[in-house]
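Novice: any chance you can model this:
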Amino acid sequence: MFIQASLPRKRQLSMTPLIDVVFILLLFFMLASSFIEWREIDLSMAGESAVTSSDKSPLVVQLSQDNFLFRGESVSLDQLLEYVASELANQADLQIVVQPQANIPLQKMVMLLDQLRALGVKQVSLLRAPTKEQG
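Specialist: Presented below is the predicted three-dimensional model:
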């Protein structure tokens, strides 16, 4: 009698776990990635010499928690931008100094800087908020 030796059958590898791992990695990298377009904000810290170096005084805009303070009055962003646009038409080298008060969200300041840049203002400076010792 002839006995046939049975050879072990080759196991087939399943592709399902490999595909699962690839999808999990893809999902991880998509969630961990940032799709925000990073860009610089050109800004100078205004010191005493920067503010007084121009013949015309710069426009000082203060950021408060609720609104924008311009020439001692509380104004909305639209009112402020309207005034800046009219001043920019008269004076091409208009300088604006932005002075945020304490605890202002950074996004509010960046939004103002973006709006000023969109109007065409080229000279924007940032002035540190006065501390309690300064007044």
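
Novice: residues contacting Leu112?
Specialist: Val61, Leu63, Phe68, Leu77, Val98 (C-beta atoms under 8 Å, 6 or more residues apart in numbering). In short, each C-beta sits where N, CA and C put it, glycine included.

Novice: helix, strand or coil: sort out it for me.
Specialist: For Leu112, the secondary-structure state derived from DSSP: H, G, I helix; E, B strand; the rest coil is helix.

Novice: what sits up against stretch 65-79?
Specialist: Against stretch 65-79 from outside (C-beta under 8 Å, 6+ apart): 59-64, 80, 83, 101, 103-104, 112, 115.

Novice: in that stretch, what counts as buried?
Specialist: Phe68, Leu69, Phe70, Val75 (16 or more other C-beta atoms under 10 Å).

Novice: dump those residues into JSON lines; add secondary structure and pLDDT as well.
Specialist: Below are those laid out as JSON lines (DSSP: H, G, I helix; E, B strand; the rest coil; pLDDT from 0 to 100):
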{"residue": "Phe68", "secondary structure": "strand", "pLDDT": "85"}
{"residue": "Leu69", "secondary structure": "strand", "pLDDT": "85"}
{"residue": "Phe70", "secondary structure": "strand", "pLDDT": "83"}
{"residue": "Val75", "secondary structure": "strand", "pLDDT": "88"}
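
Novice: farthest-separated two in the residues you listed?
Specialist: Leu69 and Val75 (7.6 Å; C-beta to C-beta).

Novice: quick revisit: now which of the contacts of stretch 65-79 would you call buried?
Specialist: If we count by 16+ other C-beta under 10 Å, the contacts of stretch 65-79 have these buried: Leu59, Val60, Val61, Gln62, Leu63, Leu80, Ile104, Leu112.

Novice: many thanks, we can stop here.
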